[in-house]
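Enquirer: coords below, sequence missing:
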């Protein structure tokens with residue numbers, strides 16, 4: 001499988017594949033590239049409907065130039081890689097994970113913070129550490145963690161130096177699903193309130209009743225499935 005950066009010709013093939021309605025996996029197969037490479041390439045350049053090969057290639061060249069210009073300071077600040085990991089491979093994976101979070105509707109800065117936390121062995125970082133690793137402002141990190149906290153995706157802890165640490169752990173996906181189920185249930189409850197306001201049996205009230213019943217079922221199903229899966233999430237991998 002070829003490595004290295006995508007070429008301009010490959011980006012043109014991606015654009016043609018998207019125009020033909022091909023899935024990312026099929027485009028990746030035709031280019032002999034990982035599907036994650038195609039997903040990241042498309043999502044960081046406007047998504048499947050706005051992707052343009054020439055613009056994407058120029059953006060990639062600008063990013064490469066910025067990396068070359070900042071390579072020295074970044075190298076000094078970067079934490080050493082544990083377990084013999086390839087630093088470039090880790091960085092590429094973090095970008096891919098960020099892109100996938102963004103594709104699911106997570107704003108970019110929040111997605112970057114989440115991906116950064118998920119790829120640390122400790123599962124926790126302080127605000128200062130996030131600022132240093134992501135090369136962003138403290139205000140950007142503060143806003144991002146506040147959003148992630150509200151979604152149940154991270155939690156705050158105080159360390160021995162009384163600093164806030166932002167944590168993801170084995171329970172993070174469970175908490176996220178439960179938060180999602182609660183939000184869905186709230187929409188269902190509000191829709192059901194509208195039935196009385198609009199008059200039972202009217203077209204609008206019937207529509208809201210159907211919405212409420214559907215969302216209640218989804219909320220209950222998510223909660224039940226999350227509870228059943230929680231034990232799996234806490235299972236330790238075999239050594």
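Expert: Now that the structure is in, tell me what you want to look at. Here the structure is a predicted model, which means the values were calculated and not measured. Numbers count the residues shown, from 1 in each chain.

Enquirer: okay but residue 159 is in contact with residue 165, surely?
Expert: Yes: assessed by CB atoms under 8 Å, residue 159 is found in contact with residue 165 at 5.3 Å. From N, CA and C alone the C-beta is placed, and that goes for glycine too.

Enquirer: who has more neighbours, the two?
Expert: Neighbours were counted for residue 159 and for residue 165 using other CB atoms under 10 Å; residue 165 has more, 18 against 10.

Enquirer: host element of the more buried one?
Expert: strand 164-167 (DSSP states H and E).

Enquirer: what about whichever helix or strand comes after that strand, distance to the chain center?
Expert: The helix or strand immediately downstream of strand 164-167 is helix 172-198, counting by DSSP H and E. Centroid separation for helix 172-198 versus its chain: 22 Å, with CA atoms, centre = their mean, to the nearest Å.

Enquirer: counting by contacts, list what the next helix or strand after helix 172-198 packs against.
Expert: Note on helix 172-198: by DSSP H and E, the next helix or strand toward the C-terminus is helix 203-233. On a contact count with 3 or more CB pairs under 8 Å, 6 or more residues apart in numbering; DSSP states H and E, helix 203-233 meets helix 172-198.

Enquirer: domain assignment for this structure?
Expert: Each domain of the chain is listed here as a residue range: 8-77, 86-167, 172-233, per automatic domain parsing.

Enquirer: now tabulate those in TSV and tack on mean pLDDT.
Expert: Shown next, in TSV, are those (pLDDT from 0 to 100):
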stretch	mean pLDDT
domain 8-77	82
domain 86-167	87
domain 172-233	91
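
Enquirer: can you tell me the centre-most residue of the protein?
Expert: Residue closest to the average C-alpha location in the chain (CA atoms, centre = their mean): residue 101, at 1.6 Å.

Enquirer: which residues does the closest residue in space to that one that isn't next to it in sequence contact?
Expert: Sequence neighbours aside, residue 111 is the residue nearest to residue 101 in space, at 3.7 Å (criterion: CB to CB, 6 or more residues apart in numbering). Residue 111 makes contact with 98-99, 101-102 under the criterion CB atoms under 8 Å, 6 or more residues apart in numbering.

Enquirer: residue 120 - how many residues pack around it?
Expert: By other CB under 10 Å, neighbour count at residue 120 equals 14.
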